[in-house]
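**Student:** the sequence and its predicted three-dimensional model are supplied below.
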Amino acid sequence: MEQKLRKALTDVAEEYNFSDKVRMKSKNNSNKRKRRHLQVRYYVAAVSLIIGILFVASPDVRSMTEEWTTQVFHIDISSKKDFEIREGYVYVDGVKTVKEEEYKLALYSSVYTDEGYVLQETNHKEIVMQNFTEDHLGQQFSTIKDAMKHVDYHIKQPTVLPEYLSLDKIYVNKDQATHISFKSDSNKDLSINVEERSAKEGYIILDDVEKIDIGGNGRIGKTPNKYWDTDSNKPAVNAEYALTFIDHGVQYDLFGTNLTKEELIGIAKTMK
């Protein structure tokens, strides 16, 4: 029972994971002038499933539930009452919520076109965001060998890396999902997410997809990377490559920053 509850919690949490994965819903409003006014009312996301779990699950599950719900913000846009931006953060009813840049990025959606990704401003009236921190990634380890003591599967890792990449951080969360990051001094980074999955679960959404001969169901494609352009001081988007494959029931998702398709495939082929 507890495992089912834990999975349900994780599924809910994943809906709000990372600032780029923002879920929005629209409200009909015929008065176009109201679009120029903002009101943001702060709510801790109250999901009936989670409320029930708080009273019946183990202390460990309750702790995870409280951690997620205190970090999820429901922002309803209609006027400027009780809403302000200061010191780089959005404050609602005096409560510090998400970063200003993350909030403004959430008002745009990425659209894939023949010319690449472009940003389009939305007409959505509500946004739900999670204030994501490194603490959500789980327990940190210094080596893959140490991390594998806390999971029920073998973690493949690159055996050959470009000379500019070096291991940065390794995390394992409560659901035995592993996150590995590699950094460089040249703005070329790599992150690898590892998790047990069936062949029918959890593929990342990609554009311009190509099949590759790596593991099972290997694919590589483009994914949008929304960011705040400090030069123009406005939202921007570019395309990054991502690669996914499954090996013995374990899914590997590789996300590159300023890495070419060939570089990402080359790294994946060395994973053992």
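**Tutor:** That came through fine.
**Student:** in the sheet, who's paired with the closest residue to residue 178 other than its chain neighbours?
**Tutor:** Closest residue to residue 178 apart from its sequence neighbours, by Cβ to Cβ, 6 or more residues apart in numbering: residue 194 at 4.1 Å. Where C-beta positions appear, they are placed from N, C-alpha and C, glycine not excepted. As for beta bridges, residue 194 partners with residue 178, residue 252 under DSSP bridges.
**Student:** distance of residue 194 relative to residue 231?
**Tutor:** Distance, residue 194 to residue 231, using Cβ to Cβ, to the nearest Å: 35 Å.
**Student:** quick one, which of these two is more surrounded?
**Tutor:** residue 194 (26 against 6; other Cβ atoms under 10 Å).
**Student:** hmm, residue 235 is touching residue 224, no?
**Tutor:** No: the pair residue 235 / residue 224 is not scored as a contact, 11.5 Å apart, by Cβ atoms under 8 Å.
**Student:** report pLDDT for the residue nearest to residue 178.
**Tutor:** pLDDT for residue 194: 96.
**Student:** which residues touch it?
**Tutor:** By Cβ atoms under 8 Å, 6 or more residues apart in numbering, the residues touching residue 194 are 153, 155-156, 177-180, 250-253.
**Student:** can you check residue 269 too?
**Tutor:** Listed by Cβ under 8 Å, 6+ apart, the contact partners of residue 269 are residue 214.
**Student:** just residue 240 next, same as before
**Tutor:** Listed by Cβ under 8 Å, 6+ apart, the contact partners of residue 240 are 222-225, 255-259.
**Student:** one more time with 6 Å
**Tutor:** Shown in contact with residue 240 (Cβ atoms under 6 Å, 6 or more residues apart in numbering): 223, 225, 256.
**Student:** from the residues you listed, which is closest to residue 172?
**Tutor:** residue 256 (22.1 Å; Cβ to Cβ).
**Student:** shouldn't that closest one be in contact with residue 241?
**Tutor:** Yes: counting by Cβ atoms under 6 Å, residue 256 does reach residue 241; the two are 5.0 Å apart.
**Student:** for residue 241, see how far away residue 258 is.
**Tutor:** 10 Å.
**Student:** neighbour-wise, which of the two wins?
**Tutor:** Taking neighbours as other Cβ under 10 Å, residue 258 and residue 241 compare with residue 241 leading, 22 against 15.
**Student:** so what's the more buried one up against?
**Tutor:** 256, 261, 264.
**Student:** could you identify which of the residues you listed has the most neighbours?
**Tutor:** residue 256 (22 neighbours).
**Student:** run through the bridge partners of that one.
**Tutor:** Here residue 256, judged by DSSP bridges, has bridge partners residue 190.
**Student:** and it, what pLDDT?
**Tutor:** pLDDT for residue 256: 96.
**Student:** now do residue 46
**Tutor:** For residue 46, the model assigns a pLDDT of 37.
**Student:** same question, residue 53
**Tutor:** pLDDT, residue 53: 38.
**Student:** for residue 147, helix, strand, or coil?
**Tutor:** Using DSSP: H, G, I helix; E, B strand; the rest coil, the structure places residue 147 in helix.
**Student:** distance of it relative to residue 139?
**Tutor:** Taking Cβ to Cβ as the measure, residue 147 falls 9 Å from residue 139.
**Student:** so what sits against both of those two?
**Tutor:** Common neighbours of residue 147 and residue 139 (criterion: Cβ under 6 Å, 6+ apart): residue 172.
**Student:** residue 121: neighbour count?
**Tutor:** Residue 121 - counted by other Cβ under 10 Å - has 9 other residues nearby.
**Student:** in the sheet, who's paired with it?
**Tutor:** residue 108.
**Student:** and what of residue 207?
**Tutor:** The partner residues for residue 207, given DSSP bridges, come to residue 222.
**Student:** start the count at 31, not 1, going forward
**Tutor:** Sure, I'll start numbering at 31, so the last one becomes residue 237.
**Student:** and it, how far from residue 203?
**Tutor:** Distance from residue 237 to residue 203, counting by Cβ to Cβ: 28 Å.
**Student:** if anything else comes up later, I'll come back, but that's it for now.
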